[in-house]
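Asks: Test case, fold it:
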Amino acid sequence: MIKAYAAMAPGARFEPFEYDPGPLGKDEVELDVESCGICHSDLSMLDNEWGFTQYPFVPGHEVIGIVSAVGEGVTSVTVGQRVGLGWHSAYCNSCPTCLSGDHNLCASAQPTIAGRHGGFADKVRAQAVSVVPLPEGIDADSAGPLFCGGVTVFNPLVQFEVKPTAKVGVIGIGGLGHLALQFLHSWGCEVTAFTSSESKKAEALKLGAHKVLDSSNAAALAAAAGQFDFIISTVNVKLDWNAYIATLAPKGRLHFVGSTLQPLDVAVFPLISGQRSISGSPVGSPATIRTMLEFAALHGIKPVTEYFSFDQVNEAMDKLRQGKAHYRIVLQHK
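Replies: Predicted coordinates for the structure are as follows:
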């Protein structure tokens with residue numbers, strides 16, 4: 001039996017929960033969970049904001065653990081190896097998307113916390129291809145958030161071939177944004193943090209921003225017209241997107257990794273006249289996660305984290321819900 005923490009209904013408190021995972025699949029691994037980050041997606045799923053949560057619901061898709069068992073067909077990892085597990089726990093591995101290396105875009109990809117139980121537990125199972133070993137130089141205690149938040153902001157740099165000389169803006173300096181600043185700075189970009197929080201300005205500069213722009217100041221936004229090659233939005237709220245599009249240089253891109261639930265109100269003419277683009281991307285493939293981890297190890301990039309024990313899961317989730325996390329929360333087995 002796997003011992004976990006589950007919510008029995010939308011928005012409910014977490015309580016101890018046990019389940020029988022059944023026989024280990026030949027392409028699966030079982031992990032002894034050491035830690036698990038809490039992502040805003042866990043909160044969205046808890047509240048069934050996206051409409052497909054199943055209860056009992058066991059969250060957790062930023063898992064760091066030790067491989068404790070492997071299926072008979074697994075050769076990519078070995079028992080005793082420390083690995084991480086992110087948003088996806090399985091792929092079809094046979095569609096053109098998977099075969100081209102874009103596993104994260106597979107139509108049959110199985111989220112770790114949808115249709116299966118996640119990492120708020122003492123053990124978790126996943127397809128071997130979906131777990132990625134931690135390289136030397138990565139701090140295991142804080143590494144969990146890299147497997148969702150980290151790769152979410154790193155993936156666009158690879159997918160859209162962001163140049164090291166690019167002028168890049170980051171909207172929202174939180175769980176995703178504070179990692180985006182670090183990756184972009186080390187990538188070589190000129191980085192501007194968009195934030196309306198006076199308290200975050202000094203920290204944004206410390207994390208890698210070269211400039212900070214007050215996003216609540218319409219005049220400051222207007223003064224930045226035509227400057228940015230790439231803007232990455234990490235927020236889940238509605239903003240004046242036309243004001244941000246106006247700050248894009250010709251051929252610039254406004255890219256979404258934060259899931260705003262409201263439709264975009266966008267004027268098309270500025271897109272056409274400047275050949276500008278709007279796009280979005282999810283988490284990365286296992287190969288991109290591996291690259292991201294190696295890049296993070298090389299440049300000393302790590303999430304800013306605070307820690308709770310697993311039996312404090314409700315207190316930790318309350319802190320996230322109240323918007324008081326700084327910047328990522330990690331649950332640890334003690």
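Asks: separation between Gly258 and Leu293?
Replies: Between Gly258 and Leu293 the computed distance is 22 Å (C-beta to C-beta, to the nearest Å). No exception for glycine: its C-beta is placed from N, CA and C like everyone else's.
Asks: quick one, which of the two is more surrounded?
Replies: Leu293 (24 against 20; other C-beta atoms under 10 Å).
Asks: Helix, strand, or coil at the more buried one?
Replies: On the three-state scheme (DSSP: H, G, I helix; E, B strand; the rest coil), Leu293 is labelled helix.
Asks: contacting residues around it?
Replies: 84, 132, 134-135, 138, 143, 146 (C-beta atoms under 8 Å, 6 or more residues apart in numbering).
Asks: any idea how far it lies from Ser108?
Replies: 25 Å.
Asks: Likewise for Leu331?
Replies: 29 Å.
Asks: Kindly report the same for Cys92.
Replies: 4 Å.
Asks: same deal with Lys123?
Replies: Lys123 is 24 Å from Ser108, by C-beta to C-beta.
Asks: With neighbour numbers in mind, choose between those two.
Replies: Lys123 (18 against 12).
Asks: what's the closest non-adjacent residue to the more buried one?
Replies: Ile2 (4.8 Å; C-beta to C-beta, 6 or more residues apart in numbering).
Asks: What's the local residue count around that neighbour?
Replies: There are 17 residues near Ile2, going by other C-beta under 10 Å.
Asks: Can you read off the backbone torsions of it?
Replies: For Ile2, the backbone dihedrals (degrees, to the nearest 10) come out as phi -100, psi 130.
Asks: what do you get for Asp229?
Replies: Torsion angles, degrees, to the nearest 10, at Asp229: phi -80, psi -30.
Asks: what sits against it?
Replies: 162-163, 166-168, 248-249, 251-253.
Asks: ok, now with 7 Å
Replies: 166-168, 249, 252 (C-beta atoms under 7 Å, 6 or more residues apart in numbering).
Asks: repeat for Thr234
Replies: 153, 170-172, 174, 176-177, 180, 257-258.
Asks: swap in Glu315?
Replies: Glu315 neighbours (C-beta under 7 Å, 6+ apart): Phe308.
Asks: Try it again at 10 Å.
Replies: 308-309, 329 (C-beta atoms under 10 Å, 6 or more residues apart in numbering).
Asks: likewise His117?
Replies: 2, 4, 6, 17, 19, 21, 54, 56-60, 89, 123-125.
Asks: how does it look with 6 Å?
Replies: Val58 (C-beta atoms under 6 Å, 6 or more residues apart in numbering).
Asks: roughly how far apart are it and Ala6?
Replies: 8 Å.
Asks: quick one, strands of the stretch 151-300 of the chain?
Replies: With DSSP state E, counting those that start in this stretch, the ranges of strands along the stretch 151-300 of the chain come out as 167-171, 190-195, 211-214, 228-233, 248-256, 277-280.
Asks: quick one on the thing from earlier: most neighbours, which of the contacts of Glu315?
Replies: Ile329 leads the contacts of Glu315 on contacts (other C-beta under 10 Å) with 28 neighbours.
Asks: part of a strand, is that residue?
Replies: Yes: the assignment for Ile329 by three-state DSSP puts it in a strand.
Asks: Let me know whether it touches Ile38 as I believe.
Replies: Yes: counting by C-beta atoms under 6 Å, Ile38 is a contact partner of Ile329 at 4.5 Å.
Asks: Need the overlap of contacts for those two.
Replies: By C-beta under 6 Å, 6+ apart, the residues touching both Ile329 and Ile38 are 316, 320.
Asks: For burial, what's the neighbour tally of the nearest residue to Gln159 once chain neighbours are set aside?
Replies: Distances taken as C-beta to C-beta, 6+ apart place Ser281 nearest to Gln159, at 5.8 Å, with adjacent residues excluded. By other C-beta under 10 Å, 18 other residues sit near Ser281.
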